[in-house]
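**Student:** can't give you the sequence, but here's the structure:
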C-alpha cells in the first residue's frame, strides 16, 4: 500500500510540473494522458522494487 501512496504523491507532483499547463487548459491529447500514466507508474515501480530489495536484503 505504501507504493500506491508514494505513487499518488510523487506522480501528482511530477504530473503538475510536467503537464500542468496542459491539464489546466484541459487540452490533453492521448499522448499527454499516456505520459501522465507513466508519471504515476514509474514511482510505483521504483517504490515496489526498493521495498522488495530491502526485504530480500534483510532476510539474508
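**Tutor:** Ah, there it is. Worth saying up front: this structure is predicted, and the values here are computed from it rather than measured.
**Student:** point to the residue nearest the middle of this structure.
**Tutor:** By C-alpha atoms, centre = their mean, the chain has its centre lying nearest to residue 40, at 2.4 Å.
**Student:** next up, the contacts around that one.
**Tutor:** The neighbours of residue 40, taking C-beta atoms under 8 Å, 6 or more residues apart in numbering as the test, are 7, 8, 11, 12, 15. (Glycine included, C-beta is placed from N, CA and C.)
**Student:** with residue 34 instead?
**Tutor:** Taking C-beta under 8 Å, 6+ apart as the definition, residue 34 has no contacts.
**Student:** would you mind measuring from it to residue 28?
**Tutor:** In this structure, residue 34 and residue 28 are 10 Å apart, going by C-beta to C-beta, to the nearest Å.
**Student:** kindly report the same for residue 16.
**Tutor:** Shown here: residue 16 relative to residue 28, a distance of 13 Å by C-beta to C-beta.
**Student:** residue 56 too?
**Tutor:** Distance from residue 56 to residue 28, by C-beta to C-beta: 39 Å.
**Student:** of these two, who's got more company?
**Tutor:** More neighbours surround residue 28 than the other of residue 56 and residue 28, with 14 against 9 (other C-beta atoms under 10 Å).
**Student:** is it true that the more buried one touches residue 22?
**Tutor:** Yes: the pair residue 28 and residue 22 qualifies as a contact (C-beta atoms under 8 Å) at a distance of 5.9 Å.
**Student:** where exactly do the strands run in this structure?
**Tutor:** Counting by DSSP state E, one finds no strands in the chain.
**Student:** in it, which spans are helices?
**Tutor:** For the chain, the helices defined by DSSP state H occupy 2-24, 30-58.
**Student:** just put these in TSV and tack on mean pLDDT.
**Tutor:** Shown next, in TSV, are those (pLDDT from 0 to 100):
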stretch	mean pLDDT
helix 2-24	95
helix 30-58	95
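**Student:** what's the neighbour count on residue 3?
**Tutor:** Neighbour tally, residue 3, other C-beta under 10 Å: 17.
**Student:** how about residue 43?
**Tutor:** Neighbours around residue 43, by other C-beta under 10 Å: 20.
**Student:** ok, now residue 15?
**Tutor:** Neighbours of residue 15 (other C-beta under 10 Å): 19.
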